[in-house]
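Trainee: Generate coordinates for the sequence data below:
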Amino acid sequence: MSPHHVSQADERRVATGRAHGKIILLGEHAVVYGAPALALPVPALSCQATAGRLNGHGPGPLRLRRVVSPPGTPAETTEESASEELRLLVDAFARRAGLAGPPGLEVLLESGVPPARGLGSSAATARALVHALDRLFGTGLSDRDVFELVQVSEQSAHGRASGIDALATGGTGPVLLADGRGSTPPVGAACHVVVVDTGSGSGTGKAVAMLRDLFTRAPGRRTEFLDRSTELTRAALGDLANGRLPALGRRLTVCHTMLAGLGLTTERTDATVRAALDAGALGAKMTGGGLGGCVIALAATRREAAAVAALLTREQGVRTWHVPVAKGAGHDGF
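Mentor: Below you'll find the model as predicted:
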């Protein structure tokens, strides 16, 4: 793809980009090995990057200030050196924009996506920064350009990133990643998802390494897992398209049991899933990398979702967020 050359007239002094968190409905871990995965954006957990130029038009440092403030929690502000993944992202953007080298930048990252919870914090940060740089330099990046630049950061952060986070942190509805392509699947009936922060950080890197070791020692387990995960995701897409919410909920719970069988859940996440089901959820499961992090619970109505959230907050001491899923037709991505 040819780079976008930037003229001085296109440049701005400061620009802002936005993204949001995400959850995985089905297909976590399997998607890394090429199986399909279904995700949802979480607009309530937003991320904003504000980028300004330093040192005129030449290359220079990347100064970073980060404010993390998930809804309902005090903000934490840090001045820090840019991570390797963000430096690689800026380098890749500079090449694509036709710049002589990485520009001098001052970046403010304001994120409501809790880190280390399987909610796409790193991808949301990267996507927000790409959009800010695109506007700052007037490059006119395409959706594919943005995705590829976010993937530069994600591959550095996680070693092997499927792309589902890079897509879903910019999505407005359900996101399906299958056969290397992103799309929006149809939704036959509106529903609601409760995102539950169990209070313990997820161990995505550890979980990925643990599965890689297991599958190296027992290739049959990998085949079994990928086949079962693909079957569940494909069946769930049919349930989603036809508005079969109880069936969709059951598949979520079955998926949790499958992931628990691989050692990816904790006592806390298992207990939260049981509590959500006892509270009337149609289905519940861990989401993301596992070994901690978040649980999701499906409900048919906003009232039922609120009842599940209230009970979990009262009895489990957790914080929750609400994700409405609107009825709608599907469409292809890129």
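Trainee: So for this protein, the centremost residue is which one?
Mentor: What sits nearest the mean C-alpha location of the chain, by Cα atoms, centre = their mean, is Gly120, with 3.1 Å.
Trainee: Report the contact partners of that one.
Mentor: Gly120 makes contacts with Gly21, Lys22, Val42, Val113, Asp165, Ala168, Thr169, as judged by Cβ atoms under 8 Å, 6 or more residues apart in numbering. Backbone N, C-alpha and C define where each C-beta goes, glycine included.
Trainee: how about 10 Å then?
Mentor: Contact partners of Gly120, counting by Cβ atoms under 10 Å, 6 or more residues apart in numbering, are 19-24, 39, 41-42, 45, 47, 113, 126-127, 154, 164-169, 288.
Trainee: isn't Glu84 right up against Ser153?
Mentor: Yes. Applying Cβ atoms under 10 Å as the test, Glu84 and Ser153 come out as touching, 9.2 Å apart.
Trainee: who's more crowded, those two?
Mentor: A direct count of neighbours by other Cβ atoms under 10 Å for Glu84 and Ser153 places Ser153 higher, at 27 against 11.
Trainee: Need the phi and psi values for the more buried one.
Mentor: Per-residue torsions, Ser153: phi -70, psi -40 (degrees, to the nearest 10).
Trainee: Distance-wise, check it relative to Leu176.
Mentor: Distance from Ser153 to Leu176, counting by Cβ to Cβ, to the nearest Å: 22 Å.
Trainee: same question, Leu119
Mentor: Counting by Cβ to Cβ, the gap from Leu119 to Leu176 is 19 Å.
Trainee: what do you get for Met286?
Mentor: Distance, Met286 to Leu176, by Cβ to Cβ: 20 Å.
Trainee: Compare the two (neighbour count), which wins?
Mentor: Legend: neighbour count by other Cβ under 10 Å for Met286 and Leu176, higher for Met286 (30 against 25).
Trainee: Could you look up the SS state of that one?
Mentor: strand (DSSP: H, G, I helix; E, B strand; the rest coil).
Trainee: Let me see the backbone angles for the residue nearest to the centre of the chain.
Mentor: Backbone torsions of Gly120, given as degrees, to the nearest 10, read phi 80, psi 30.
Trainee: and it, what pLDDT?
Mentor: You'll see Gly120 listed with a pLDDT of 91.
Trainee: my read: Ile253 touches Val295, true?
Mentor: Heads up, residue 253 is Thr, not Ile. No. Contact between Thr253 and Val295 fails when scored by Cβ under 10 Å: they sit 11.1 Å apart.
Trainee: So between those two, which is more surrounded?
Mentor: Val295 (31 against 20).
Trainee: In which helix or strand does the more buried one reside?
Mentor: strand 294-299 (DSSP states H and E).
Trainee: Next secondary structure element downstream of the helix or strand Arg53 falls within?
Mentor: Using DSSP H and E, Arg53 sits within strand 37-59. Toward the C-terminus, strand 37-59 is succeeded by strand 62-68 as the next helix or strand (DSSP H and E).
Trainee: and that next one, which strands flank it?
Mentor: strand 76-81 (antiparallel), strand 103-111 (parallel) (DSSP bridges).
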